[in-house]
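**Student:** Give the three-dimensional model of this entry:
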Amino acid sequence: MRPTKSTRGGVCAIVLIVTISIAATLASTSTASAEQLTVAYFMEWPTPNQYAQSKKIYDEKLGVDVKWVAFDSGTAMSAAMASGDVQISFSQGIPPFVVAASAGQDLQIVDVAVSYSENDNCVVRSTLEIDKSNVKELEGKQVGVPLGTAAHYGFLKQMDHFGVDTSTMKIVDMAPPDGAAAFASGNLDMVCGWGGALRRMKEHGNVLMSGAEKEELGIQVFDATSVLAQWAKENAVLLAKFLKVTADMNAKFAAGGSDEMLPVIAKAAGMDEKATKETLAGFKFPTIEQQLSEKWLGGGTQKFLKEVADFFVEQGTIPKARDNYDSAVDASYLKAASKM
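**Tutor:** Residues are numbered from 1 along each chain as shown. Got it, this is the predicted structure:
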């Protein structure tokens, strides 16, 4: 898992950064040079496209030198795109994307990088013997939740679904690694998180809902490939080729190429093979056809962005949301990639 996803998912710091960076966006054309493309990504976040990253397949197919720069937060990705230092952010979290877009930065989602509903969840202590049949017993309990993140959003949605009054609960703002440690020590009744921390949490408890069940409630947990709208418009073919290579790597991995790809991906992600394999087991990489469906870029993502933005307004994290986020998603480049 990304070492600082609590920062990546969190949104407080991004408000100031976005305010500063919008001026940079307006002053910069954000046009990639003909010789180089800079892509932001995360270490310890393994994805099939890192095989192409390591093997220089992107460079070959795009006809440019592709420079990959590791970031520790989606907030930093937004700022780097605003300044023109980065042209594509791969696997940017939705919360920082939403806050940047809500503040006026002209970002667009052009691809669903990875869906990981099974890799982001809340866990209830086993000794409480609470499941779907008696969730109301969570009222009055102490919960560790990283506030302002997708995990926080998912927690509130699940509690609303089960009719749990969260005002009766003591909710402590805790990054997943800290929450997992406190949970293991017996200091929390419920805890929410992702990745390696979530795996450790499950050693002491049970989830209330599976990833598929959460998705039925409209709780989507995914990262996107994001770009500045103006840069994308000026470099449409280059962007479509990038998305095509990404899709090809996802297809290769799904079609039995994992044995060949795993060692390369692990090295690129800065992880050992066992941890890489375990992390990838909780990921889903939608095909182009799936991404273009109503569930994703055909309308579902736009709706979800609005829901997340409105949630953050209610929480006082951002001052206002857009009326809609239709312009924050552009599926045309993925459609072009599907024809390549």
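**Student:** Can you name the helix or strand that the nearest residue to Gln50 once chain neighbours are set aside falls in?
**Tutor:** Of all residues not flanking Gln50 in the chain, Ala268 sits nearest, at 3.9 Å (Cβ to Cβ, 6 or more residues apart in numbering). Just so you know, the C-beta spots here come from the backbone N, C-alpha and C atoms, and that holds for glycine as well. Under the criterion of DSSP states H and E, Ala268 resides in helix 258-269.
**Student:** could you dump the helix or strand following that helix to PDB, C-alpha only?
**Tutor:** As assigned by DSSP H and E, the chain's next helix or strand after helix 258-269 is helix 273-281. Output of helix 273-281 as PDB, limited to C-alpha atoms (Å, rounded to 0.1, in the frame of the first residue of the first chain):
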ATOM      1  CA  GLU A 273       6.700 -10.500  -4.600                       C
ATOM      2  CA  LYS A 274       4.500 -11.900  -1.800                       C
ATOM      3  CA  ALA A 275       3.200  -8.500  -0.700                       C
ATOM      4  CA  THR A 276       2.700  -7.500  -4.400                       C
ATOM      5  CA  LYS A 277       0.700 -10.700  -5.100                       C
ATOM      6  CA  GLU A 278      -1.500 -10.100  -2.000                       C
ATOM      7  CA  THR A 279      -2.100  -6.500  -2.900                       C
ATOM      8  CA  LEU A 280      -3.000  -7.300  -6.500                       C
ATOM      9  CA  ALA A 281      -5.500  -9.900  -5.300                       C
END
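**Student:** about what we covered before: the residue nearest to Gln50 and Gln108, how far apart?
**Tutor:** Distance, Ala268 to Gln108, using Cβ to Cβ, to the nearest Å: 26 Å.
**Student:** before we move on, what about Glu129?
**Tutor:** With distances taken as Cβ to Cβ, Glu129 is found 47 Å from Gln108.
**Student:** More neighbours: which of the two?
**Tutor:** Using other Cβ atoms under 10 Å as the criterion, Glu129 and Gln108 rank with Gln108 on top: 24 against 10.
**Student:** Phi first, then psi, for that one.
**Tutor:** Backbone torsions of Gln108, given as degrees, to the nearest 10, read phi -140, psi 140.
**Student:** Now do the contacts for it.
**Tutor:** By Cβ atoms under 8 Å, 6 or more residues apart in numbering, the residues touching Gln108 are Ser226, Val227, Leu228, Ala229, Ala232, Ser327, Ala328, Val329, Asp330.
**Student:** thinking again about what came up before, wait, isn't the residue nearest to Gln50 in contact with Lys55?
**Tutor:** No. With contact defined as Cβ atoms under 8 Å, Ala268 and Lys55 do not form a contacting pair (9.6 Å).
**Student:** With neighbour numbers in mind, choose between these two.
**Tutor:** Ala268 (21 against 14).
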